[in-house]
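Peer 1: any chance you can model this:
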Amino acid sequence: MFSSRLQFDQRPNPLSLLLGEKRRAGVEILDLTGSNPTRSGFIYPEREILDAFADPAAMRYDPSPRGLLSTREAVSRYYAQRGRDVPASRLVLTASTSEAYAYLFKLLTDPGDEILVPRPSYPLFEFLAAMESVPVKQYSLGYDGAWHIDFDSLTRAASESTRAVVIVNPNNPTGSFLKAEEARKLSEFAARHRLTILMDEVFSDYGFSETVATPTFSAETMVFSMSGLSKIAGLPQMKLGWIVAEGSRAEESLEKLEWIADTYLSVATPVQLAAPKLLELSARIRPQIRERTAANLARLRAAVTGSALNVLNVEGGWCATLQVPHTRTEEEWTLALLRDRDVLVQPGFFYDFESEAFLVLSLLTPPDLFTEGVRRILELTA
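Peer 2: Residues are numbered from 1 along each chain as shown. Next up is the predicted model:
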C-alpha cells in the first residue's frame, strides 16, 4: 500500500523511551542537545521582526519561480558583506535547505543513482535522498587532532552511479571547515568522476576563528551551495533557504532548477518580502549566538582539563564533540547520564561516528545549564 521509500525504522530507541519516562514523571532534565535558537534564551528584536511582515504586497500572489528579485538581491548583499560575489541571477529560493537538497537531487539524479555524503554528519541525507529513490554512500572524515576529508575513502565510495558529493562547511557536528587544499583536491576528484559538488553552508557564519575563508573550486566544477534564514538569522520558523549555482553549466542548471521550482512554488510571499529586513536584523542575532557558543566551548575545555575526557578540535558550528572513556558504549553513557544525572546528550552513533565513545553537546545551551550539565558529566565519568 505504501511506497518502499518510506521503510524507515520508527521504533523509539532506548534513549527516547527513557526520556519519555522521565518527562512523564515530571523530572527536570538538563538538555544539552537543543538546536533551536528561538528556545535558547537569545534576545530577538521581536517588534521589528513582526513589522517586517506588514507589507501590503503580501496580500497579492505574483509568483516568481526563482523567488522575488528583491529577495534575491538582499541575499546577494548578504554575500557581498562577506566578500563574496553572488549575483541575484545565480540564486534560486527554496522553503528550506532540506527542500534545496530535494531540488538538487531531482536536478542531478535518476532513481538508483548515488550521492556521496560525509561521515560523521547530521543524520538527514539518507532520508532526503531516499525520498528521491537515490541511495547514499558515505565517505569518511578522518581525525588526527583536526578533521579532514579522507580522500582514499572518498575514492573508494565513488562509482559509475555517483552523481554528486555533499560537503557540509562547517560540518555538523564536527565543526570542521573545508580547507583550500581540500577544495583543490575535490575539484580534481569531481572532474575525474564527472561529479557535482553540493556544499551546505548553513553554519558558515559561526566560525570560532576570523581566518576562516570560503573555499574556491575550479571554474570547470559544477557547484551548488546552500544556506538560509534558519541559521543565518536564528529563525528556523521563517522557512526560507536558497541555492547558489556556480561554475560549469550554471546557466543551464538554473533554467532547469527554475522549472523544478515552478512546479512547486513553495516559498511563501510574506517571508520573501520580509527577508531583506530579516537579513538586516540578523546582524543583532548572530553575535549573540557566536558569543554563546564560543563561551560554552571555552567552559567545556576548561572543565575537562586534567580529566579523562577530551574535547575534539572544533572550528565552528553549534556543537562540540566530547570523547569519553570507552569503558562503556555510547548508548550506555547516554542512558546512564539521563537515568542517574538527568542530563540529556547525544551519542556519537546518532551522527555515524566510526568509533566510540563520543558524546555530542549543543553549544547553544544557556550557560548556567551548560555548566551544570558538564559538571554532572564529569561527576559520572570520574
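
Peer 1: would you map the helices across the stretch 201-350 of the chain?
Peer 2: In the stretch 201-350 of the chain, the segments counted as helices under DSSP state H, counting those that start in this stretch are 229-232, 250-264, 269-304, 330-341.

Peer 1: nearest residue to Ser204 other than its sequence neighbours?
Peer 2: Asn169 (6.2 Å; Cβ to Cβ, 6 or more residues apart in numbering). From N, CA and C alone the C-beta is placed, and that goes for glycine too.

Peer 1: now for the one you found: which residues touch it?
Peer 2: 177-178, 199-201, 203-204, 215 (Cβ atoms under 8 Å, 6 or more residues apart in numbering).

Peer 1: out of those, which is nearest to Gly142?
Peer 2: Taking Cβ to Cβ as the measure, Gly142 lies nearest Leu178 of the contacts of Asn169, at 13.8 Å.

Peer 1: quick one: residues contacting that closest one.
Peer 2: 149, 167, 169, 186, 199, 215.

Peer 1: buried subset of those residues?
Peer 2: 149, 167, 169, 186, 199, 215 (16 or more other Cβ atoms under 10 Å).

Peer 1: pick out the most distant pair among those residues.
Peer 2: Ile149 and Met199 (12.7 Å).

Peer 1: count of neighbours near the nearest residue to Glu73 once chain neighbours are set aside?
Peer 2: Distances taken as Cβ to Cβ, 6+ apart put Ala88 closest to Glu73, at 4.7 Å, once the chain neighbours are dropped. Ala88 has 17 neighbouring residues, counting by other Cβ atoms under 10 Å.

Peer 1: and the strands in the stretch 101-250 of the chain, which stretches?
Peer 2: 114-119, 136-143, 147-149, 162-168, 196-200, 222-228, 241-247 (DSSP state E, counting those that start in this stretch).

Peer 1: how about the CA coordinates for the last one, as PDB?
Peer 2: To tie it back to what came earlier, the one meant is strand 241-247. C-alpha atoms of strand 241-247 as PDB (Å, rounded to 0.1, in the frame of the first residue of the first chain):
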ATOM      1  CA  GLY A 241      16.500  28.900   2.100                       C
ATOM      2  CA  TRP A 242      18.300  29.200  -1.200                       C
ATOM      3  CA  ILE A 243      20.600  27.600  -3.800                       C
ATOM      4  CA  VAL A 244      23.600  29.400  -5.300                       C
ATOM      5  CA  ALA A 245      24.700  28.000  -8.700                       C
ATOM      6  CA  GLU A 246      28.300  28.400  -9.700                       C
ATOM      7  CA  GLY A 247      30.900  27.000 -12.000                       C
END
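
Peer 1: now render the contacts of Asn169 as TSV, adding pLDDT and distance to Leu229.
Peer 2: Converted to TSV, the contacts of Asn169 look like this (pLDDT from 0 to 100; distance: Cβ to Cβ, whole Å):
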residue	pLDDT	distance to Leu229
Phe177	97	21
Leu178	97	23
Met199	98	18
Asp200	98	15
Glu201	97	13
Phe203	97	13
Ser204	96	14
Pro215	88	23
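
Peer 1: quick one: contacts for the closest residue to Tyr143 other than its chain neighbours?
Peer 2: In space, and not counting its chain neighbours, Tyr143 is closest to Leu312: 6.7 Å by Cβ to Cβ, 6+ apart. Leu312 makes contact with 143, 147, 174, 320-323, 358, according to Cβ under 8 Å, 6+ apart.

Peer 1: so which of those residues is the most crowded?
Peer 2: Thr174 (27 neighbours).

Peer 1: beta partners for the nearest residue to it once chain neighbours are set aside?
Peer 2: Closest residue to Thr174 apart from its sequence neighbours, by Cβ to Cβ, 6+ apart: Trp147 at 4.8 Å. Beta-bridge partners for Trp147, by DSSP bridges, are Tyr143.

Peer 1: so Phe42 touches Ile289, yeah?
Peer 2: Yes - using Cβ atoms under 8 Å, Phe42 is in contact with Ile289, at 6.7 Å.

Peer 1: overlap in contacts of those two?
Peer 2: Joint contacts of Phe42 and Ile289 (Cβ under 8 Å, 6+ apart) are Gly234.

Peer 1: show me which of the two is the more surrounded one.
Peer 2: A side-by-side neighbour count of Phe42 and Ile289, using other Cβ under 10 Å, places Ile289 first with 21 against 17.

Peer 1: from Lys231, how far out is the more buried one?
Peer 2: 9 Å (Cβ to Cβ, to the nearest Å).

Peer 1: over to Glu354?
Peer 2: 26 Å.

Peer 1: out of those two, which sits in the busier spot?
Peer 2: Lys231 (25 against 15).

Peer 1: OK, contacts around that one?
Peer 2: Per Cβ under 8 Å, 6+ apart, neighbours of Lys231: 202-203, 205-206.

Peer 1: and of those residues, the nearest to Ala261?
Peer 2: Of the contacts of Lys231, the one sitting nearest to Ala261 (Cβ to Cβ) turns out to be Val202, at 19.4 Å.

Peer 1: picking up where we left off before, for the contacts of Leu312, give me TSV that also has pLDDT and distance to Pro111.
Peer 2: Output for the contacts of Leu312, formatted as TSV (pLDDT from 0 to 100; distance: Cβ to Cβ, whole Å):
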residue	pLDDT	distance to Pro111
Tyr143	97	35
Trp147	97	33
Thr174	98	31
Ala320	98	38
Thr321	98	35
Leu322	98	40
Gln323	98	40
Phe358	98	35
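
Peer 1: how long is stretch 229-237 end to end?
Peer 2: 9 Å (Cα to Cα, to the nearest Å).

Peer 1: what of stretch 191-211?
Peer 2: End to end - Cα to Cα - stretch 191-211 spans 28 Å.

Peer 1: same question, stretch 225-245
Peer 2: End-to-end for stretch 225-245, by Cα to Cα: 7 Å.

Peer 1: going by neighbour count, list what's buried in that stretch.
Peer 2: 225-235, 238-245.

Peer 1: surely Ser96 touches Ser227?
Peer 2: No - Ser96 is not in contact with Ser227 according to Cβ under 8 Å; the separation is 10.8 Å.

Peer 1: if anything else comes up later, I'll come back, but that's it for now.
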